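>>> Return atomic coordinates for the entry below.
(2 chains)
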Protein chains: 2
Amino acid sequence: MDQQSYKIALAILYIMSFGGTPDTSNCEIHTPHNILHLWKEDIHVMKNRDRRDTAQKEMTPSKKIPVLVDGVVLNGPQTDVKAGEKFVEEVCRLVMEEVCEWQPPEQLRQLLDLEMRDTGESQDKLLRLCRDVIHFSVKTNHPRFFNQLYAGLDYYSLAARILTEALNPSIYTYEVSPVFLLVEEAVLKKMIECIGWKEGDGIFNPGGSVSNMCAMNLARYRYYPDVKEKGLSGLPRLILFTSAECHYSMKKAASFLGIGTQNVYFVETDGRGKMIPEELERRIGQARQEGAVPFLVCATSGTTVLGAFDPLDEIAEICERHGLWLHVDASWGGSALVSRKHRQLLHGIHRADSVAWNPHKMLMAGIQCSALLVKDKTVSFLLIFGNPVNSTLKCLEATLLLIPCRLGLIR
Amino acid sequence: MDQQSYKIALAILYIMSFGGTPDTSNCEIHTPHNILHLWKEDIHVMKNRDRRDTAQKEMTPSKKIPVLVDGVVLNGPQTDVKAGEKFVEEVCRLVMEEVCEWQPPEQLRQLLDLEMRDTGESQDKLLRLCRDVIHFSVKTNHPRFFNQLYAGLDYYSLAARILTEALNPSIYTYEVSPVFLLVEEAVLKKMIECIGWKEGDGIFNPGGSVSNMCAMNLARYRYYPDVKEKGLSGLPRLILFTSAECHYSMKKAASFLGIGTQNVYFVETDGRGKMIPEELERRIGQARQEGAVPFLVCATSGTTVLGAFDPLDEIAEICERHGLWLHVDASWGGSALVSRKHRQLLHGIHRADSVAWNPHKMLMAGIQCSALLVKDKTVSFLLIFGNPVNSTLKCLEATLLLIPCRLGLIR
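Numbering: from 1, shown residues only, chains lettered A, B, ... in the order given. Model (predicted):
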C-alpha cells in the first residue's frame, strides 16, 4: 500500500470508528500529519466526558468543527466511544509493531549491551550493534510513522545527508567549505524570494527553537543596541507578545535571554487557535501602562497543536503602528509558501522582520534544518555572532530537496 | 604515506625550513593539529621583524619556547626567513591542491549552477551536482587536511553517521527514539566517569558554543532562580570570569543571555596562555568592590590558539572559597581525559560544576557533537528546557566512536 492510499484508508477507518454524519459547513483544513494528534485529543475529550456523565454520553453530540483531510471529513460527532477508543488502540499497536519492535527501557538496555569497555570491541560485535540499533529504532521513514516533525522520506535529501556526512564540512569560512557556503547562500536566496522580500539574509540553525531565540536577540538588539555590551541589568522590563497557542520555545527563549518568562504576554486566540489582533493591541497598551517596554511580536504560522495560522496582515499593521519587530514562527507552516494553493495562509509574511522556517518538517530535509531569515541585511553580523550555533550542515540537504521538482510538484 | 608518517615528515620539513639548534629545556607540548597555526604565527612574527629591521634579522635569535610534537622540536630559532616563508607557502599550495580543487567564489558559482528553478531538475543533473559538490569541496578526511576542529576520519563514526541519517531520529522522547535515548545515556555515563564524578547528567549540543552558553544559564539559575521568570531587569550586574585566552563563545554567550559582554572579566594569563589564579582572585575582589555580583568562573582546558590548560585545582579552590560555579570549557582538550598519559593536564576537573567536551574534535565524531555535562543532577530539567536546542543526533556516533577500542588505544 503506498503512502497516499494508506492516508485515505486511515481516514476511512477513522470515520468508521467515530461514525455519525458530520456537519461540513465551516470546515478547518488539516494536513495528514496531525491526524493522530487529533485522534488522541478526541479520545481524551471522550474519556473525560465518559467519567463526568456516563449516562448522558449518547445524548450529547459533539459541537466540534469538522476536520477535512484531503477532502474527507474526519471528526464528525462521536457515537460509540468504547468501540472508537478500542479501534484506535488497536491501530496504534499495529503501527508500533510495524514501525518499530517495541521494548521498554529496561529490556532494551539488556538487549543492546551499550557498556563501553576500556578494552574495546571487535568489528563483528560493532556490526551486530548496528543491526540491533536499526531493528529496535523507530523507522521514521515508514509510511505508518506520523509525527509533527516528519513528512516522510525524501530520497534526494537522504543522498545529500550521506554526502554531507562523508565530507563532514564546517561552514565557518569559505576557505574550509566553499561549496556548502554557496549552497547555503542559494537556498537562503530562494527562501527569501518565497517570503516575498526584495533582499534579506539568513542562517541555518539546528531547530526552530534556536531560530526563534536568535530572532528575539535581533529584535532586542535593534531596540537597545547597548544590551550587547551592558546587558539587561538596569533596563526596564522588555515585553514580547505571542499567541496563547505558540510554541513553547518562546518562553524558553525569554528565560534563556534573561528577559524572563513573565514578560512573555500571551495573546488570546479565537476558536481556531488564531491570535485575535484586537487582543494584541489591548495587551500592548497594558504593557505600556505598566511602565514596561514592548519590543517584539511573534506570530505563528502553523501552531503546534491546531495548525492555526495567525492573521499576519492585521498583526503587521499593529507592529508598524507601534514600532515593534514582527517575527513569524513559521517553523511548521512556512513550507506552505512553496504551494500555490496554500501560500495564502501566510498572506502578509513579507511584512515581517524575521521568519523561522524549518525545511526538516514539510519539506522533508533531514533533522535538524531550520532557517532564520531576516529582512534587514545590516543585522547580518548578528546572525553569526549573535547566534549560539557556529555553523550548520543541513543546507546541502535543503538544496537537493528544493531542486528536484519540489517547487513544481507542490501545488 | 600514512597519517603518522606524514606528521613526522611535516615535522622534519619544518625543522629543515627554520633550521637552528633549539633549546629543549622548558618545552611546551603541542598536538599535531595546531602546528599549521604555529607556522602561520611564526611567519607573521618574522614578516613584522623583517619590516622593522631587515639588517638585524640575522643577529636577533628568537627567544620563543621550543615546541615539542611527538618528541620532535618544531620551532627552534629561525635563521633563513625568506626560505622558510617560501617553503611554507609551497607546502600550503600542495596541501590545498590535493585536499580540494580551489576556486574563488565567483568562478565556483558559475561552475556549480545552484539556481533553483520552479520546473525542477532531472535526476541526471542532480547526480552531476553531487559529483561537483564532492569535487570542489575540501576533503576534511584527507591526511593533509589540518584544522582545529578535525583530527581525521574515523570509519566507525562515519558508519554511525550514515546509519543515523537513514533512521533520522529525534530524541525528544523514549517512544520516538528508544535506542538513541539509551545510547545517549550510555555515552554520557562514560564521559561522566572519565571526568571522575560519582554521578551527573548531560546533554549533547551542536557545538561547544551552545554547551558553554547553556552552562552559563545553569550557573545563573543556581545563583538567581528568579531570573527564569522575572529576567535580569532590576538585578545588579552579574559578572563571570574567564581567561584572556578563552574561546570567543564566552562573550557571545554573555551577550545572548542578556548579561552583557562588559560583564565578562578577562583574567590575565601566563606566558603559556594559562589563567593566573592570583589574577582571578584579584578580579573577583574588584567586581565585588564595584557592587557587582560574581557568579561564574569559566576555565579553559585547551585554549583555541595556544592549546593551554588552565590550572583547574587552583581555580576550583578559589571557586569553592567564593561560592562560584566552575565551568570547564574542555571542548577541545576534554578528549585528553581518555588518555592515561595526558589526562593529568585536566587534573582537578572533577571539582567542576559543569564541563563542555566535544567528541567531534580529538575523538573524531562527526561535526557537530558537543556534550555539556553537569555534576548536580537536580538541574537536569534545565538541560532540556533551558537549552536552545531540543535534541541531537550525534550521540550514536559518539558511542560507536568510543566503543571500538578508542579507550584502549589512546594512551
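>>> what are the ranges of the helices in the stretch 51-200 of chain A?
Secondary structure of the stretch 51-200 of chain A by DSSP state H, counting those that start in this stretch: the helices cover A:81-99, A:105-112, A:123-136, A:155-167, A:178-195.
>>> quick one: the second one to helix A:123-136, angle?
Going back to what we said before, that points to helix A:105-112. Computed with axes from the mean of the first three to the mean of the last three CA atoms, to 10 degrees, the direction of helix A:105-112 lies at 150 degrees from that of helix A:123-136.
>>> In helix A:105-112, which residues are buried?
Neighbour counts over helix A:105-112 (16 or more other CB atoms under 10 Å in any protein chain shown) mark A:108-109, A:112 as buried. All C-beta atoms are positioned from the backbone trio N, CA, C, and that covers glycine.
>>> one step back: and the helices of the stretch 51-200 of chain A as a markdown table, adding mean pLDDT?
What follows is the helices of the stretch 51-200 of chain A, written out as a markdown table (pLDDT from 0 to 100):
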| stretch | mean pLDDT |
| --- | --- |
| helix A:81-99 | 63 |
| helix A:105-112 | 92 |
| helix A:123-136 | 81 |
| helix A:155-167 | 79 |
| helix A:178-195 | 89 |
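>>> Any residue of stretch A:108-121 touching chain B?
Yes. Using CB under 8 Å from any CB of the partner chain, a contact is recorded between stretch A:108-121 and chain B, made by A:108-109, A:112, A:114-121.
>>> Same question for stretch A:140-158.
Yes. Contact of stretch A:140-158 with chain B (CB under 8 Å from any CB) involves A:140-141, A:147, A:149-150, A:153, A:156, A:158.
>>> tell me the domain ranges of chain A?
Annotated domains of chain A cover A:3-96, A:105-147, A:160-406 [automatic domain parsing].
>>> Go through those and find the least confident stretch.
Averaging pLDDT over each of those singles out domain A:3-96 as the lowest, with a mean of 44.
>>> Strands of the stretch 301-411 of chain A, start to end?
Counting by DSSP state E, counting those that start in this stretch, one finds strands in the stretch 301-411 of chain A at the ranges A:325-329, A:354-357, A:370-374.
>>> How about the stretch 151-300 of chain A?
In the stretch 151-300 of chain A, the segments counted as strands under DSSP E, counting those that start in this stretch are A:201-205, A:238-243, A:264-267, A:293-300.
>>> would CSV of those strands with mean neighbour count and distance to A:Pro225 be doable?
Output for the strands of the stretch 151-300 of chain A, formatted as CSV (neighbours: other CB atoms under 10 Å in any protein chain shown; distance: least, CB to CB, whole Å):
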stretch, mean neighbour count, distance to A:Pro225
strand A:201-205, 25, 18
strand A:238-243, 26, 13
strand A:264-267, 20, 22
strand A:293-300, 26, 12
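>>> Out of those strands, which is closest to chain B?
Closest of the strands of the stretch 151-300 of chain A to chain B is strand A:238-243, at 7.2 Å (criterion: CB to the nearest CB).
>>> Now render the helices of the stretch 51-200 of chain A as CSV, adding distance to A:Gly202.
What follows is the helices of the stretch 51-200 of chain A, written out as CSV (distance: least, CB to CB, whole Å):
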stretch, distance to A:Gly202
helix A:81-99, 34
helix A:105-112, 39
helix A:123-136, 34
helix A:155-167, 19
helix A:178-195, 4
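>>> Quick one: closest of those to B:Leu324.
Among the helices of the stretch 51-200 of chain A, helix A:105-112 comes nearest to B:Leu324, with 36.8 Å by CB to CB.
>>> List the buried residues for stretch A:334-341?
Applying a neighbour-count criterion of 16+ other CB under 10 Å, the buried positions in stretch A:334-341 are A:334-338.
>>> Please apply the same query to stretch A:218-234.
If you call a residue buried by 16+ other CB under 10 Å, then stretch A:218-234 has these buried ones: A:218-224, A:227-228, A:230-233.
>>> deepest of the strands of the stretch 301-411 of chain A, which one?
Scoring the strands of the stretch 301-411 of chain A by mean neighbour count under mean count of other CB atoms under 10 Å in any protein chain shown gives strand A:354-357 as the most buried, with a mean of 30.
>>> what lines up beside it in the sheet?
In the sheet containing strand A:354-357, the strands it pairs with under DSSP bridges are strand A:325-329 (parallel), strand A:370-374 (antiparallel).
>>> Contacts for the last one next, please.
Spelled out, that is strand A:370-374. Residues outside strand A:370-374 that contact it (CB atoms under 8 Å, 6 or more residues apart in numbering or on different chains): A:187-188, A:191-192, A:195, A:197, A:200-208, A:210-211, A:214-215, A:218, A:331, A:353-360, A:380, A:383, A:398.
>>> Please list all residues in contact with the closest residue to A:His322 other than its chain neighbours.
Spatial nearest neighbour of A:His322, excluding adjacent residues (CB to CB, 6 or more residues apart in numbering or on different chains): A:Ile284 at 5.7 Å. With contacts taken as CB under 8 Å, 6+ apart, A:Ile284 has the following neighbours: A:241, A:294, A:318, A:322, A:324.
>>> That concludes my questions; thank you for your assistance.
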